[in-house]
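> my questions concern the predicted model and sequence given below.
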Amino acid sequence: MDKLRAIKFFCRAVEAKSFTSAAHALDVPPSVLSKMISALETELRFTLFNRSTRRLSLTEAGTCYYDYCRQLLLDMEETESVARQGTVQPAGTLRIGFHPAFRASLFRRIGEFLAENRSVNIEAVLTNSPATLLDEGLDVVLRIGGIPDSGFEVVTVPVIIVVRDGIGMSDSALAGVGIAQIYDVVSHHHIVDGSLEPILTDWSYARQPVYAVIPSRRNVPAKVRAFVQFARSLVTA
(Lines give C-alpha, C1' and ligand atoms only; values in the text may rest on other atoms or scores of the structure.)
Protein backbone atom coordinates (compact mmCIF):
# COMPACT_ATOMS: atom_id res chain seq x y z
CA MET A 1 0.00 0.00 0.00
CA ASP A 2 1.17 3.50 -0.86
CA LYS A 3 0.71 4.97 2.62
CA LEU A 4 1.24 8.59 1.60
CA ARG A 5 -1.40 8.25 -1.11
CA ALA A 6 -3.73 6.62 1.41
CA ILE A 7 -3.23 9.53 3.82
CA LYS A 8 -4.04 12.01 1.05
CA PHE A 9 -7.20 10.04 0.22
CA PHE A 10 -8.14 9.93 3.91
CA CYS A 11 -7.73 13.69 4.39
CA ARG A 12 -9.74 14.43 1.26
CA ALA A 13 -12.56 12.17 2.46
CA VAL A 14 -12.62 13.99 5.80
CA GLU A 15 -12.80 17.38 4.12
CA ALA A 16 -15.43 16.31 1.59
CA LYS A 17 -17.48 14.44 4.25
CA SER A 18 -18.24 11.83 1.61
CA PHE A 19 -16.30 9.05 -0.07
CA THR A 20 -18.14 9.75 -3.33
CA SER A 21 -17.35 13.48 -3.32
CA ALA A 22 -13.75 12.85 -2.33
CA ALA A 23 -13.33 10.25 -5.07
CA HIS A 24 -14.73 12.71 -7.61
CA ALA A 25 -12.29 15.41 -6.47
CA LEU A 26 -9.40 12.94 -6.65
CA ASP A 27 -10.59 11.59 -10.02
CA VAL A 28 -10.69 7.97 -8.87
CA PRO A 29 -13.59 5.49 -8.57
CA PRO A 30 -15.25 5.52 -5.11
CA SER A 31 -14.41 1.83 -4.73
CA VAL A 32 -10.68 2.61 -5.07
CA LEU A 33 -10.86 5.28 -2.38
CA SER A 34 -12.88 3.05 -0.06
CA LYS A 35 -10.44 0.15 -0.43
CA MET A 36 -7.46 2.44 0.15
CA ILE A 37 -8.91 3.79 3.40
CA SER A 38 -9.88 0.29 4.56
CA ALA A 39 -6.31 -0.84 3.93
CA LEU A 40 -5.04 2.16 5.90
CA GLU A 41 -7.32 1.27 8.83
CA THR A 42 -6.06 -2.30 8.73
CA GLU A 43 -2.44 -1.16 8.90
CA LEU A 44 -3.18 1.36 11.66
CA ARG A 45 -5.23 -1.18 13.63
CA PHE A 46 -7.94 1.33 14.48
CA THR A 47 -11.07 2.64 12.77
CA LEU A 48 -10.96 6.08 11.20
CA PHE A 49 -14.62 6.59 10.31
CA ASN A 50 -17.98 5.84 11.85
CA ARG A 51 -19.83 4.10 9.05
CA SER A 52 -23.09 3.42 10.90
CA THR A 53 -24.48 6.91 10.35
CA ARG A 54 -25.76 8.51 7.16
CA ARG A 55 -23.18 11.25 7.38
CA LEU A 56 -19.53 10.28 7.30
CA SER A 57 -17.92 11.15 10.63
CA LEU A 58 -14.58 10.54 12.27
CA THR A 59 -13.95 8.36 15.28
CA GLU A 60 -12.05 9.91 18.17
CA ALA A 61 -8.88 8.21 16.97
CA GLY A 62 -9.64 9.29 13.41
CA THR A 63 -9.97 12.93 14.48
CA CYS A 64 -6.58 12.84 16.18
CA TYR A 65 -4.99 11.07 13.20
CA TYR A 66 -6.47 13.60 10.76
CA ASP A 67 -4.97 16.55 12.65
CA TYR A 68 -1.48 15.05 12.38
CA CYS A 69 -1.94 13.93 8.77
CA ARG A 70 -3.15 17.36 7.67
CA GLN A 71 -0.11 19.02 9.25
CA LEU A 72 2.13 16.37 7.68
CA LEU A 73 0.80 17.13 4.19
CA LEU A 74 1.17 20.88 4.74
CA ASP A 75 4.76 20.44 5.93
CA MET A 76 5.58 18.24 2.93
CA GLU A 77 4.10 20.82 0.58
CA GLU A 78 6.32 23.56 1.98
CA THR A 79 9.39 21.32 2.12
CA GLU A 80 9.00 20.55 -1.57
CA SER A 81 8.63 24.27 -2.29
CA VAL A 82 11.88 25.03 -0.47
CA ALA A 83 13.68 22.24 -2.31
CA ARG A 84 12.47 23.50 -5.69
CA GLN A 85 12.87 27.23 -5.23
CA GLY A 86 15.22 27.69 -2.28
CA THR A 87 12.55 29.45 -0.23
CA VAL A 88 9.01 28.86 1.01
CA GLN A 89 6.57 29.93 -1.69
CA PRO A 90 2.75 29.89 -1.42
CA ALA A 91 1.55 26.74 -3.17
CA GLY A 92 -1.23 24.19 -3.18
CA THR A 93 -4.96 24.36 -2.54
CA LEU A 94 -6.04 27.12 -0.17
CA ARG A 95 -9.42 26.39 1.43
CA ILE A 96 -11.00 29.59 2.69
CA GLY A 97 -14.26 30.45 4.41
CA PHE A 98 -15.61 33.99 4.41
CA HIS A 99 -18.43 36.05 5.86
CA PRO A 100 -21.03 36.89 3.18
CA ALA A 101 -20.08 40.56 3.50
CA PHE A 102 -16.75 39.77 1.83
CA ARG A 103 -18.32 38.08 -1.20
CA ALA A 104 -18.20 41.00 -3.62
CA SER A 105 -14.89 42.53 -2.53
CA LEU A 106 -13.14 39.16 -2.30
CA PHE A 107 -14.13 37.85 -5.71
CA ARG A 108 -13.68 41.24 -7.37
CA ARG A 109 -10.02 41.19 -6.36
CA ILE A 110 -9.17 37.50 -5.97
CA GLY A 111 -7.48 37.61 -9.38
CA GLU A 112 -4.81 39.88 -7.87
CA PHE A 113 -4.00 37.27 -5.24
CA LEU A 114 -3.88 34.43 -7.75
CA ALA A 115 -1.72 36.48 -10.15
CA GLU A 116 0.83 37.02 -7.36
CA ASN A 117 0.62 33.40 -6.17
CA ARG A 118 0.45 31.34 -9.34
CA SER A 119 1.05 28.03 -7.56
CA VAL A 120 -2.04 28.47 -5.38
CA ASN A 121 -5.59 27.44 -6.26
CA ILE A 122 -8.60 28.28 -4.12
CA GLU A 123 -11.68 26.51 -2.77
CA ALA A 124 -14.07 28.92 -1.03
CA VAL A 125 -17.23 28.53 1.05
CA LEU A 126 -19.57 30.97 2.79
CA THR A 127 -19.24 30.75 6.57
CA ASN A 128 -18.63 32.95 9.58
CA SER A 129 -18.03 30.11 12.02
CA PRO A 130 -14.51 29.33 13.26
CA ALA A 131 -15.69 25.75 13.86
CA THR A 132 -15.56 25.15 10.10
CA LEU A 133 -11.76 25.24 10.25
CA LEU A 134 -11.94 21.69 11.60
CA ASP A 135 -15.42 20.63 10.42
CA GLU A 136 -14.73 21.55 6.78
CA GLY A 137 -10.94 21.31 6.77
CA LEU A 138 -10.50 25.02 5.98
CA ASP A 139 -7.17 26.83 6.15
CA VAL A 140 -8.54 30.25 7.12
CA VAL A 141 -11.88 31.93 7.81
CA LEU A 142 -12.51 35.66 7.29
CA ARG A 143 -14.87 36.38 10.18
CA ILE A 144 -16.77 39.50 11.17
CA GLY A 145 -17.65 39.84 14.85
CA GLY A 146 -16.06 38.76 18.09
CA ILE A 147 -14.88 35.21 18.54
CA PRO A 148 -17.01 34.51 21.66
CA ASP A 149 -20.76 34.13 21.15
CA SER A 150 -22.55 37.46 21.50
CA GLY A 151 -26.09 38.33 22.52
CA PHE A 152 -28.86 39.64 20.31
CA GLU A 153 -28.68 43.22 19.10
CA VAL A 154 -31.32 45.56 20.53
CA VAL A 155 -33.02 47.60 17.81
CA THR A 156 -34.56 50.88 18.99
CA VAL A 157 -35.64 52.34 15.64
CA PRO A 158 -38.41 51.21 13.28
CA VAL A 159 -37.27 48.25 11.20
CA ILE A 160 -39.03 47.07 8.04
CA ILE A 161 -36.58 44.37 6.98
CA VAL A 162 -34.05 42.19 8.80
CA VAL A 163 -31.30 40.48 6.80
CA ARG A 164 -28.97 38.03 8.49
CA ASP A 165 -26.30 37.46 5.85
CA GLY A 166 -24.59 40.88 5.84
CA ILE A 167 -25.07 41.56 2.12
CA GLY A 168 -28.79 41.29 1.44
CA MET A 169 -29.31 44.67 3.11
CA SER A 170 -27.25 46.42 0.44
CA ASP A 171 -29.34 44.75 -2.27
CA SER A 172 -32.47 46.07 -0.55
CA ALA A 173 -31.02 49.57 -0.28
CA LEU A 174 -30.04 49.51 -3.96
CA ALA A 175 -33.63 48.54 -4.76
CA GLY A 176 -34.89 51.60 -2.88
CA VAL A 177 -36.39 49.82 0.13
CA GLY A 178 -35.04 52.48 2.49
CA ILE A 179 -32.17 53.49 4.72
CA ALA A 180 -29.77 50.71 5.65
CA GLN A 181 -26.83 50.20 7.97
CA ILE A 182 -24.29 48.27 5.89
CA TYR A 183 -20.76 46.98 6.42
CA ASP A 184 -18.15 49.28 4.86
CA VAL A 185 -16.62 46.36 2.98
CA VAL A 186 -19.99 45.86 1.24
CA SER A 187 -21.02 49.48 0.66
CA HIS A 188 -17.66 50.98 -0.36
CA HIS A 189 -17.80 50.29 -4.11
CA HIS A 190 -21.49 51.25 -4.28
CA ILE A 191 -20.68 54.62 -2.69
CA VAL A 192 -17.76 55.11 -5.07
CA ASP A 193 -19.92 54.47 -8.16
CA GLY A 194 -22.76 56.62 -6.79
CA SER A 195 -25.40 53.92 -6.49
CA LEU A 196 -25.58 54.44 -2.71
CA GLU A 197 -25.27 57.70 -0.79
CA PRO A 198 -23.96 57.88 2.79
CA ILE A 199 -26.06 59.79 5.33
CA LEU A 200 -25.59 60.61 9.02
CA THR A 201 -21.86 60.72 8.38
CA ASP A 202 -21.22 62.27 11.80
CA TRP A 203 -22.65 59.16 13.47
CA SER A 204 -21.41 55.59 13.29
CA TYR A 205 -22.32 52.31 14.90
CA ALA A 206 -19.70 50.53 17.00
CA ARG A 207 -17.25 48.83 14.66
CA GLN A 208 -17.15 45.05 14.63
CA PRO A 209 -13.75 43.36 14.56
CA VAL A 210 -12.63 41.38 11.52
CA TYR A 211 -10.53 38.27 12.06
CA ALA A 212 -8.62 35.90 9.84
CA VAL A 213 -9.07 32.74 11.91
CA ILE A 214 -6.56 29.91 11.41
CA PRO A 215 -6.29 26.50 13.09
CA SER A 216 -2.93 27.19 14.76
CA ARG A 217 -0.12 29.74 14.82
CA ARG A 218 2.41 26.91 14.59
CA ASN A 219 3.84 26.28 11.13
CA VAL A 220 1.37 28.50 9.30
CA PRO A 221 1.64 27.59 5.58
CA ALA A 222 3.02 30.23 3.21
CA LYS A 223 -0.21 30.20 1.19
CA VAL A 224 -2.19 31.11 4.34
CA ARG A 225 0.25 33.86 5.33
CA ALA A 226 0.01 35.29 1.82
CA PHE A 227 -3.78 35.22 1.87
CA VAL A 228 -4.02 36.87 5.29
CA GLN A 229 -1.81 39.69 4.01
CA PHE A 230 -4.07 40.02 0.97
CA ALA A 231 -7.18 39.99 3.18
CA ARG A 232 -5.88 43.03 5.07
CA SER A 233 -6.21 45.03 1.86
CA LEU A 234 -9.88 44.01 1.53
CA VAL A 235 -10.61 45.60 4.89
CA THR A 236 -8.47 48.72 4.51
CA ALA A 237 -9.25 49.44 0.86
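Okay, I see it.
> got the domain boundaries for this structure?
Using automatic domain parsing, the domains assigned to the chain come out as 3-83, 89-237.
> what's the burial count for D75?
By other CB atoms under 10 Å, the residues close to D75 number 12. Yep, even glycine has a C-beta here, placed from its N, CA and C like the rest.
> separation between it and G92?
Noted for D75: a distance of 12 Å to G92, by CB to CB, to the nearest Å.
> same question, A39
Using CB to CB, A39 is found at 25 Å from G92.
> higher neighbour count, those two?
G92 (19 against 15).
> quick check on that one: phi, psi?
phi 100, psi -170 (degrees, to the nearest 10).
> gap between the helix ranked longest in the chain and the chain center?
The longest helix of the chain (DSSP state H) is helix 60-85. For helix 60-85, the distance from its own C-alpha centre to the chain's C-alpha centre is 18 Å (CA atoms, centre = their mean, to the nearest Å).
> packing partners of that helix?
Here helix 60-85 touches helix 3-16, going by 3 or more CB pairs under 8 Å, 6 or more residues apart in numbering; DSSP states H and E.
> and F10, what is it in contact with?
Taking CB atoms under 8 Å, 6 or more residues apart in numbering as the criterion, F10 is in contact with I37, L40, L48, Y65, Y66, C69.
> narrow the residues you listed to those that are buried.
Neighbour-count burial (16 or more other CB atoms under 10 Å) applied to the contacts of F10 gives I37, L40, L48, Y65, Y66, C69.
> okay, the residues you listed in TSV with pLDDT next?
Below are the buried ones among the contacts of F10 laid out as TSV (pLDDT from 0 to 100):
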residue	pLDDT
I37	92
L40	92
L48	91
Y65	91
Y66	90
C69	90
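> closest one of those to R108?
Ranked by distance to R108 (CB to CB), the buried ones among the contacts of F10 are led by Y66 at 34.2 Å.
> OK, contacts around that closest one?
Neighbouring residues of Y66 by CB under 8 Å, 6+ apart: F10, C11, V14, L48, L58.
> kindly report the same for A23.
By CB under 8 Å, 6+ apart, the neighbours of A23 are P29, P30, V32, L33.
> cross the residues you listed against helices and list the overlap.
Of the contacts of A23, the ones assigned to helices by DSSP H are P30, V32, L33.
> out of the residues you listed, give me the one that has the most neighbours.
Within those, neighbour counts (other CB under 10 Å) peak at L33, which reaches 23 neighbours.
> quick check: closest non-adjacent residue to that one.
Distance criterion CB to CB, 6 or more residues apart in numbering; nearest residue to L33, sequence neighbours excluded, is A23 at 4.4 Å.
> ranges for the strands of this structure?
Using DSSP state E, the strands of the chain run over 49-50, 57-58, 92-98, 120-126, 140-144, 210-213.
> any idea what V213 is bridged to?
Beta-bridge partners recorded for V213 (DSSP bridges): V141.
> what residues are up against it?
When contacts are counted by CB under 8 Å, 6+ apart, V213 touches P130, L133, V140, V141, L142, R143, I147.
> E80: which of these is nearest?
Using CB to CB, those come closest to E80 at V140, 21.1 Å.
> that closest one: how many residues sit nearby?
V140 sits with 24 neighbouring residues when counted by other CB under 10 Å.
> for it, which residues are in contact?
Counted by CB under 8 Å, 6+ apart, V140 has contacts L94, I96, G97, L133, A212, V213, I214, V224, F227, V228, A231.
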